[in-house]
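1. pasting the sequence and the predicted coordinates here, then a few questions.
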Amino acid sequence: MKIREIAERLGVRWVGDGEVEIAGVAQIENAQEGDLTFLSNVRYRRYLATSGASGIIVRNEKDLRGRTGLISPNPYLTFAEALGLFHRPPVRRPGIDPTAVVATTAKLGEGVAIGPLVVIGEGVRIGERTIIDAHSVIYEGAEIGREVLIHSHCVVREHCRIGDRVILQNRVVVGGDGFGYAKRDDQSWQKIPQTGIVIIEEDVEIGAGTTIDRATIGATVIGKGSKLDNLVHIGHGSTVGRDTLLCAQVGLAGSSHVGNRVILGGQVGVAGHLTIGDGVMATAQAGIPASVPAESAISGSPAIDHRAWLKFCAIFAEIAEWPKEIRALRERITAVETSSRASGTNLKEGLHQDED
């Protein structure tokens, strides 16, 4: 594909030789002739001079230094869109594999593809052009929207609802029982029935191995456009707002309420029954024990203001030297005490003499 054709399809401006042929996309440090790459992080600017790419997506035309490229206000986004022009996902033809088990009361929309050994329960409703890959199980009464992609070994439990264009990566479990128990008088545990459901709204993507528990009562909800990474756990009765990112191994305890456009870095833990406001950013491994106001940036465990955390981190390096300084001070005091006893002066006078 010529670079001018790519520019037209992506709605950006091209400069240089519009007839340059692009065969694929690559990272700037590895790109070769025929590749399209991008520059969005200044740390990678050093690769511009040596990159073998035939085209480079940049924000500022000056960065091209006479080379061919695309000018975009958001090079990373344009690169992601360019990937879509060249990526060819596996083709699943509509139809039901002979080894699948589909209940007679299930309703499947036009163009649905059901893979090998899939099980579709009673009363399930599946929208048009949805794909369900091998070994997945859809429990009774579940509702799945249009153009949903469910990869192999996923489970959608009873009566849960999944919106249009959702992607479930491998081994996602939607609607497993929440972790709810009441202590009996004899200190044993009574299981609390988890009678609620999970609702996943439109355009959500959920990473491999993620588990989203059904609510005790009501619904656990993942808002439209949110993206969950691998191995995320969403506790029962929690809600996640729109366009929120939860990175790998994030854990939300039950009844956590996360707002819109929130970013929780890897391994962030959220205590239950609290609210994280819109636009919050929590860095990796933050432990969040209390509600967080909107538009906050937090770090550490227990999580505090990110700027305050950076100051503490700077102090940590100094703390490591404190034992040496304390030992040196003790040795000085001991030496002065010994000298003072020998000379008949007191400790205070000896310290002043030592300073002199």
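-> Good, I have the coordinates.
2. give me the neighbour count for A53.
-> A53 has 26 neighbours, counted by other CB atoms under 10 Å. C-beta: built from backbone N, CA, C; applies to glycine.
3. and for R59?
-> For R59, using other CB under 10 Å, the count is 16.
4. identify the residue spatially nearest to it, adjacent ones excluded.
-> Computed as CB to CB, 6 or more residues apart in numbering, the closest residue to R59 that is not its neighbour in sequence is P75, at 5.6 Å.
5. how close does that neighbour get to K227?
-> P75 is 20 Å from K227, where distance means CB to CB, to the nearest Å.
6. between these two, which one's more packed in?
-> For P75 and K227, the more surrounded residue by other CB under 10 Å is P75, and the numbers stand at 23 against 17.
7. got a list of what that one touches?
-> P75 is in contact with F38, L39, S40, I57, V58, R59, counting by CB atoms under 8 Å, 6 or more residues apart in numbering.
8. what do you get for H135?
-> By CB under 8 Å, 6+ apart, the residues touching H135 are G115, P116, L117, V118, S152, H153.
9. go ahead and confirm the second one touches G95.
-> Meaning P116. No. Counting by CB atoms under 8 Å, P116 does not reach G95; the two are 11.6 Å apart.
10. spit out the residues that contact the two alike.
-> Counting by CB under 8 Å, 6+ apart, P116 and G95 have no common neighbour.
11. R43 should be in a strand, yeah?
-> No. Counting by DSSP: H, G, I helix; E, B strand; the rest coil, R43 is not found in a strand; it is helix.
12. count the residues that sit near it.
-> For R43, the count of nearby residues is 7 (other CB under 10 Å).
13. ok, now A342?
-> Around A342 there are 9 other residues, counting by other CB under 10 Å.
14. where does it land in three-state SS?
-> Judged by three-state DSSP, the three-state class of A342 is helix.
15. pLDDT weak spots in the chain?
-> Applying pLDDT under 70 to the chain flags residues 344-356.
16. ok, the most centrally placed residue in it to V262 distance?
-> In the chain, the centroid-proximal residue (CA atoms, centre = their mean) is C247; its distance is 2.3 Å. From C247 across to V262, the span is 11 Å (CB to CB).
17. what do you get for D35?
-> According to CB to CB, D35 and V262 sit 35 Å apart.
18. tell me which of the two has more neighbours.
-> Counted by other CB under 10 Å, D35 and V262 do not tie: V262 has more neighbours, with 24 against 20.
19. would you agree the more buried one is in contact with T275?
-> No. Contact criterion CB under 8 Å: V262 and T275 do not qualify, at 10.7 Å.
20. list the contacts for the closest residue to G18 other than its chain neighbours?
-> With CB to CB, 6+ apart as the criterion, G18 has its nearest non-adjacent residue at 3.4 Å, and that residue is R4. Listed by CB under 8 Å, 6+ apart, the contact set of R4 reads W14, G18, E19.
21. how about I144?
-> Going by CB under 8 Å, 6+ apart, I144 touches V124, R125, I126, G127, T130, I132, I138, I150, V156, R161, I162, V166.
22. mind running it again at 10 Å?
-> 108-109, 112, 120, 124-127, 130, 132, 138, 150, 156, 160-164, 166, 168, 174, 200 (CB atoms under 10 Å, 6 or more residues apart in numbering).
23. could you do L149 as well?
-> When contacts are counted by CB under 10 Å, 6+ apart, L149 touches 89, 92, 113, 129-133, 165-169, 205.
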